[in-house]
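1. Please work out how this folds:
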Amino acid sequence: MTTETSGRLQRPTRARSAPPGRSLLERVADEVDGRADALVRLRRDVHRHPELSWQELRTTSVITDVLSEAGVEVRTLPGSGAIAELGAPDPRVRIALRADLDALPLDEATGLPFSSRTPGVAHACGHDVHTVGVLGAGLALKALEDELIDHGVGVRLLFQPAEETIPGGAHTVMEHGGVADVDRLLALHCDPSIDVGTVGLRVGPITAASDSVHVTLTGRGGHTSRPHLTQDITYALGKVVTEVPAVLSRRLDPRSGTALVWGVVRSGSAPNVIPTQAECIGTLRMLDSETWDTTGPLIDEVVQAVVAPYGVSATVRHVKGVPPVDNDNAAVVALSKATMTLLGASAVVPTKQSMGGEDLGWYLTQVPGAMGRLGTRTPGGPTYELHQGDLVVDDQSVVIAAKVLAGGVFTSIGPDGLS
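-> Sure, this is the predicted structure:
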């Protein structure tokens, strides 16, 4: 696949002897800095050609071309996505780095010279940065592969399709061995509320579980002048919308951070007709994994109890979306060490929990790991929001991502395995 960048990514070179006085993380920085301009150009190319979930064919081809040219073993997944391997062929420790490839179904409104060329599709969540950040980390690690082999470390690069859908592409990656024999997984996610050159970290849940809840009510309709002769669907729906979230707040541990919020409420089409069907659709979010595992039956129980006095029938469809991203302490420490060493002691900043969902959580049900928040705001510049068409990220964020992720591999290594 030919990209529209000028210049090429420097092919990794392997040298067993380090330059005098250069630490391993300094060599990581050197390798990334030597490719910085090319990484920025490649990220702009990916940004210019966004692709929706399960359709990331061009993006996958660009990734595999670059990795193959660099001598990295890479295999594609069915449809889109790829998994790459480097480092020790039979490692004592394997670290995975994960990126997501897909864009969002909205128009870009940045006016940038490399804006999306695809109407109605835009990289408004920063997945272009995630993709090229992991790619850049992989190229730097390939150049230092002798060090990985000497330390008995294997590195797996996960380029995941379809993060923005439910169910997401994490399941596909896992079904094709993406986390098999992985000891730790590291990832970064763009955060436009903090400056480029900083990384937000916290131990424990950093994002919430996110499920879909769809309640359908059916019953005997009729004239609004005679509600006593009907099963008043609209009135019952109002009770579901207000009382089900209220009951859950009393049935679930408040420390779980549970929130049920409705986004769609539909009933009827005429002011003097009680309809025969109505529905509400929303999202259920929570920060506690144990609560998330057991909440499904409770939702159905509560809905049935709420509508029972009105004689209507209720069908509840609860679809589990993603679990919380629960950051492992040791993985956070590894990212923190890499960030502070490469970017300075003040580069690690605290970050708040988000009620947004992220399917990285599925991986972390299988292996320990952590996701950090990658600062993308230009210092002194405006603060943008994710999932908005005007999102602009600082070009240097992709270089920072590559450094922190590659560095996190080496700060994960202890004398006897993982540190």
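
2. only C-alpha atoms for contact and neighbour calcs from this point on.
-> Will do.

3. can you give me the strands for the stretch 251-400 of the chain?
-> Using DSSP state E, counting those that start in this stretch, the strands of the stretch 251-400 of the chain run over 259-267, 273-274, 277-286, 313-322, 326-327, 348-350, 369-377.

4. can you list these in a markdown table and add mean neighbour count?
-> Shown next, in a markdown table, are the strands of the stretch 251-400 of the chain (neighbours: other CA atoms under 10 Å):
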| stretch | mean neighbour count |
| --- | --- |
| strand 259-267 | 15 |
| strand 273-274 | 21 |
| strand 277-286 | 22 |
| strand 313-322 | 19 |
| strand 326-327 | 24 |
| strand 348-350 | 17 |
| strand 369-377 | 28 |
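
5. Now do the residue lying closest to Ile194 once chain neighbours are set aside against Thr411, distance only.
-> Nearest residue to Ile194, sequence neighbours excluded (CA to CA, 6 or more residues apart in numbering): Gly375, at 4.8 Å. As judged by CA to CA, to the nearest Å, Gly375 and Thr411 stand 20 Å apart.

6. And for Ser346?
-> 18 Å.

7. Of those two, which one has the most company?
-> Thr411 (23 against 11; other CA atoms under 10 Å).

8. May I have the strands that pair with the helix or strand bottoming out on mean pLDDT in the chain, each with its orientation?
-> Ranked by mean pLDDT, DSSP states H and E, the helix or strand of the chain with the weakest confidence is strand 417-418, at a mean of 78. Applying DSSP bridges to the sheet, strand 417-418 is found paired with strand 413-414 (antiparallel).

9. Residues touching the partner strand, excluding its own?
-> His151, Val153, Ser419 (CA atoms under 8 Å, 6 or more residues apart in numbering).

10. Would you agree the second one is in contact with Arg94?
-> Yep, that's Val153 we're talking about. Yes - if you go by CA atoms under 8 Å, Val153 and Arg94 touch, sitting 5.7 Å apart.

11. Now that Phe159 has come up, it's in contact with Asp100, right?
-> Yes - using CA under 8 Å, Phe159 makes contact with Asp100 at a distance of 5.8 Å.

12. if I look at the two, which residues touch both of them?
-> Listed as contacting both Phe159 and Asp100 by CA under 8 Å, 6+ apart are Thr131.

13. I'd like the distance between Pro245 and Arg266.
-> 18 Å.

14. Glu145 now?
-> 58 Å.

15. Point out where the stretch 251-400 of the chain drops to low pLDDT.
-> Along the stretch 251-400 of the chain, segments meeting pLDDT under 70 are nowhere present.

16. following the longest strand along the chain, which helix or strand comes up?
-> Using DSSP state E, we find that the single longest strand of the chain is strand 184-195. Counting by DSSP states H and E, the element after strand 184-195 in chain order, helix or strand, is strand 199-201.

17. which strands and helices sit next to that next one?
-> helix 329-343, strand 348-350, strand 369-377 (3 or more CA pairs under 8 Å, 6 or more residues apart in numbering; DSSP states H and E).

18. ok, back up a step: Serialize the strands of the stretch 251-400 of the chain to TSV and add fields for distance to Gly168.
-> As requested, the strands of the stretch 251-400 of the chain are exported to TSV (distance: least, CA to CA, whole Å):
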stretch	distance to Gly168
strand 259-267	21
strand 273-274	38
strand 277-286	16
strand 313-322	8
strand 326-327	18
strand 348-350	28
strand 369-377	17
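
19. For Pro89, which of those strands is the nearest?
-> strand 369-377 (21.7 Å; CA to CA).

20. What strands flank the closest one, and is each parallel or antiparallel?
-> When DSSP bridges is applied, strand 369-377 pairs with strand 184-195 (parallel), strand 199-201 (antiparallel).
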